[in-house]
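Undergrad: from the sequence below, what's the structure:
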Amino acid sequence: ASDPRVLARVNRHYKTGAKLPEQTIQKLCATKKIFAATELQAQLFYSAADQLYHSNLPLPGDITSSLEEVQNKFHTLPYVPGTAYHLRFSHLVGYGARYYSYLMARSVASAIWQYSFQENPYCGEA
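TA: Next comes the predicted model:
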């Protein structure tokens, strides 16, 4: 949750029941927005890499140089030579060219929140 109204209602220490101070809740919610642009950029890069690996084969080069090209195109963080990030990105297998749907789901969820719950997160009519 990143809405202070929601966090204020559900936050409790599991043993004592003590709530976090309002200032702490506000800071926590603010931190959720700090790297939002970088996070979105990373998701776009992951989606582009997924599409690359599951599209027209053969690739224009080996999988690592292809990933480097995609990262340089879709991300502001430069590719680090000698790394093999794609070997640790397990979603490449499970999603099978559908990783972009994660971004679509986030977009739809955001639209639902803004339309139905932004004014009142506990709206019973939404």
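Undergrad: what's the burial count for Leu52?
TA: Close neighbours of Leu52, defined as other Cβ atoms under 10 Å, add up to 20. In short, each C-beta sits where N, CA and C put it, glycine included.
Undergrad: my error: substitute Val70 in the last question.
TA: The tally of other residues near Val70 (other Cβ under 10 Å) stands at 21.
Undergrad: centre of the chain to the helix or strand of the chain with the lowest mean pLDDT, how far?
TA: Ranking every helix and strand in the chain by mean pLDDT, DSSP states H and E puts helix 91-95 at the bottom, with a mean of 70. Relative to its parent chain, helix 91-95 has a centroid offset of 15 Å by Cα atoms, centre = their mean, to the nearest Å.
Undergrad: helices or strands next to whatever helix or strand comes next after that helix in the packing?
TA: Sequence-wise, the next helix or strand downstream of helix 91-95 (DSSP states H and E) is helix 100-112. Packing partners of helix 100-112 (3 or more Cβ pairs under 8 Å, 6 or more residues apart in numbering; DSSP states H and E): helix 36-53.
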